[in-house]
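Peer 1: Here is my input, please return the structure:
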Amino acid sequence: MRQAAENRFNREETLGKCFECLVSSGLENTSIRNFSLATGLNSSSLYYWFRDKDEIVLEATLFGLKSIIDDLFTQAYGYLNDLDTLFVRIPRAIDAYKKHFKLVYQVLVSPKYGARLKDATSELSAAYDSYGMVLADRLNCDYDILCPFVHLFISAATNYVLWEDEAIAEKQYKEIYQGINIIVIHNKQHGGNENGAEQHA
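Peer 2: Residues are numbered from 1 along each chain as shown. Below is the predicted model:
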């Protein structure tokens, strides 16, 4: 019977639905009942797979954040040959995730969840580095030079969705774009960087 239940349970799918439930209802207004309705699992099933509501909130928030970042970088990879288009499309994609980022921030500043989520999100720095390596490899740039721009872009995007100051966001995106463009142009003029991303693979 337990094996049958395991075969029916998809943890990632469940966490994705719980994350969307949190985004829709808000952290304070989301209950186990809400999670149950969102996932189609009764409360006893949820408690079978998760220790308590707190574990669902933390795992769902972390899963949702990772999924968003993965989606944004996947979209970015499709426009690396056209930086002008990249810096138009990606801010729009970020804008579509405003409610999701705000939920993550809400959990992050929560006295109940904040410290635990910070500990869990520390592993995202490694994920950012891995995205930076892929970008550096595809742009034929030095990883150590490009990676700070990746972190700056994430910071600019986060600040925008929290404070919705378009003027500052546009200025930050423009500065990041100019920095990356200078790196790409320099590498094209000098035949690429022989000490590029492949040394970090």
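Peer 1: State the next helix or strand along the chain beyond the lowest-mean-pLDDT helix or strand in the chain.
Peer 2: Every helix and strand of the chain was ranked by mean pLDDT, DSSP states H and E. The lowest is helix 2-8, at a mean of 48. Scanning forward in sequence from helix 2-8 by DSSP states H and E, the next helix or strand is helix 11-25.
Peer 1: Look up the pLDDT of Ala38 for me, please.
Peer 2: pLDDT for Ala38: 97.
Peer 1: Then His200?
Peer 2: 43.
Peer 1: Which secondary structure state is assigned to the residue nearest the centre of the chain?
Peer 2: With distances taken as C-alpha atoms, centre = their mean, Ile69 lies nearest the centre of the chain, 2.4 Å away. Classification of Ile69 by DSSP: H, G, I helix; E, B strand; the rest coil places it in helix.
Peer 1: how about the nearest residue to it, chain neighbours excluded?
Peer 2: Ala127 (6.8 Å; C-beta to C-beta, 6 or more residues apart in numbering). Where C-beta positions appear, they are placed from N, C-alpha and C, glycine not excepted.
Peer 1: Okay, now the unreliable bits of the protein?
Peer 2: 1-7, 191-201 (pLDDT under 70).
Peer 1: Which parts of it are helices?
Peer 2: Remark: helices assigned in the chain by DSSP state H are 2-8, 11-25, 32-39, 43-49, 53-77, 83-96, 98-108, 114-121, 124-139, 143-163, 166-189.
Peer 1: Would you mark the buried spots in the last one?
Peer 2: Using 16 or more other C-beta atoms under 10 Å as the burial criterion, the residues of helix 166-189 that qualify are Ala169, Gln172, Tyr173, Ile176, Tyr177, Ile180, Ile183, Val184, Asn187.
Peer 1: and that helix, C-alpha only, in PDB?
Peer 2: In PDB, the C-alpha atoms belonging to helix 166-189 read as follows (Å, rounded to 0.1, in the frame of the first residue of the first chain):
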ATOM      1  CA  GLU A 166      11.400  51.100 -13.000                       C
ATOM      2  CA  ALA A 167      13.800  54.100 -13.400                       C
ATOM      3  CA  ILE A 168      16.400  52.600 -11.100                       C
ATOM      4  CA  ALA A 169      15.900  49.100 -12.600                       C
ATOM      5  CA  GLU A 170      16.400  50.400 -16.200                       C
ATOM      6  CA  LYS A 171      19.600  52.200 -15.100                       C
ATOM      7  CA  GLN A 172      20.900  49.100 -13.400                       C
ATOM      8  CA  TYR A 173      20.000  46.900 -16.400                       C
ATOM      9  CA  LYS A 174      21.700  49.400 -18.800                       C
ATOM     10  CA  GLU A 175      24.900  49.400 -16.800                       C
ATOM     11  CA  ILE A 176      25.000  45.600 -16.600                       C
ATOM     12  CA  TYR A 177      24.300  45.400 -20.400                       C
ATOM     13  CA  GLN A 178      27.100  47.800 -21.200                       C
ATOM     14  CA  GLY A 179      29.500  45.900 -19.000                       C
ATOM     15  CA  ILE A 180      28.700  42.500 -20.600                       C
ATOM     16  CA  ASN A 181      28.700  44.100 -24.100                       C
ATOM     17  CA  ILE A 182      32.200  45.500 -23.500                       C
ATOM     18  CA  ILE A 183      33.400  42.000 -22.400                       C
ATOM     19  CA  VAL A 184      31.900  40.300 -25.500                       C
ATOM     20  CA  ILE A 185      33.200  42.900 -27.900                       C
ATOM     21  CA  HIS A 186      36.700  42.700 -26.400                       C
ATOM     22  CA  ASN A 187      36.800  38.900 -26.700                       C
ATOM     23  CA  LYS A 188      35.600  39.000 -30.300                       C
ATOM     24  CA  GLN A 189      38.300  41.500 -31.200                       C
END
